[in-house]
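Trainee: I need the structure of the sequence given here:
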Amino acid sequence: MLADCVTTLTAAFGDPLDGLYLYGSIATGQARPPDSDLDLLALWSSPVGGAEAVAAALSARHRSTVRAVGLAQSTVADLESEADRCFLRHYCVLLAGRDRRASLPRCRPSRALADGFNGDLPALVARLRSQVEAARTPAELAIAATGAARRLLLAVATVESVSHATWSTDRATGAALLAEHHPEWRFVARRAVEWSAGRGNPDGVEDLLRLGDWLAEHP
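Mentor: Modelled structure (predicted):
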């Protein structure tokens, strides 16, 4: 599957593809086929079009093995961002192209780094709330709850870990830190872990979105 993704993307885009990297559960050995995603990062020397369509075709081709082939995209110019440099150096595995990781500095945990990983949290929460509100069936609500839980627990992990002089992007670690230091969110944190794994009844997902609102205001 990885070989097919490399061959397909390099053939489709050629020189503008500076490097293709793997990250996520397959890179860490924690994937659970066929429920896990295949997470790829394309680092472009210059912006290209049509990458989403190629990723969709790869998803369809490998649906029996992974839930989806996700293709995050960035450019070499974006490596001016501390968060992008940190992500590439510490979370990605090179599959093809030029390996830029060794030339990047090691990252120091900070709230600025956490904010770089999370982006605009109020806008993120608004987008996740819209996805939940747009769900029309229990299956659609479950998908929206899973996506919201995964994204918000990542934010929880980064914000809470730097608040306590460490660093983590692990969702379970984030939930544990939240429960320990903010016990009023303990129940929501436990349910979010279940939702992030695609388990549990998604009723009550509004509580998760309220957690997102709180996190966006959390100093």
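
Trainee: from here on, just use CA atoms for contacts and neighbour counts.
Mentor: Noted.

Trainee: what's the strand or helix carrying V6 packed up against?
Mentor: Secondary-structure element containing V6, defined by DSSP states H and E: helix 2-13. On a contact count with 3 or more C-alpha pairs under 8 Å, 6 or more residues apart in numbering; DSSP states H and E, helix 2-13 meets no helix or strand.

Trainee: what about the helices in this structure?
Mentor: Assigned by DSSP state H, the chain shows helices spanning 2-13, 25-28, 51-61, 82-91, 111-118, 121-134, 138-163, 171-181, 186-196, 205-217.

Trainee: between these, which one is closest to G97.
Mentor: Closest to G97 of the helices of the chain, according to C-alpha to C-alpha: helix 2-13, at 8.8 Å.

Trainee: quick one: contacts of that closest one?
Mentor: L17, L20, V54, L58, L95, A96 (C-alpha atoms under 8 Å, 6 or more residues apart in numbering).

Trainee: among those residues, who's most crowded?
Mentor: When neighbours are taken as other C-alpha atoms under 10 Å, the top entry among the contacts of helix 2-13 is L20 (24 neighbours).

Trainee: correct me, but that residue touches L40?
Mentor: Yes. Contact status for L20 versus L40: in contact at 7.0 Å, counting by C-alpha atoms under 8 Å.

Trainee: could you check how far the nearest residue to V132 once chain neighbours are set aside is from A42?
Mentor: The shortest distance from V132 to any non-neighbouring residue, by C-alpha to C-alpha, 6 or more residues apart in numbering, is to A144 (5.4 Å). A144 is 25 Å from A42, where distance means C-alpha to C-alpha, to the nearest Å.

Trainee: could you do A112 as well?
Mentor: 24 Å.

Trainee: also M1?
Mentor: In terms of C-alpha to C-alpha, M1 sits 16 Å off from A42.

Trainee: neighbour-wise, which of the two wins?
Mentor: Set side by side, M1 and A42 show more neighbours around A42, with 21 against 12, by other C-alpha under 10 Å.

Trainee: report the contact partners of the more buried one.
Mentor: Contacts of A42 (C-alpha under 8 Å, 6+ apart): L17, D18, G19, L20, Y21, L71, A72, Q73, S74.

Trainee: can you list those in TSV and add distance to P122 and pLDDT?
Mentor: Formatted as TSV, the contacts of A42 follow (distance: C-alpha to C-alpha, whole Å; pLDDT from 0 to 100):
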residue	distance to P122	pLDDT
L17	32	97
D18	33	98
G19	32	98
L20	31	98
Y21	29	98
L71	24	97
A72	21	96
Q73	22	96
S74	23	95
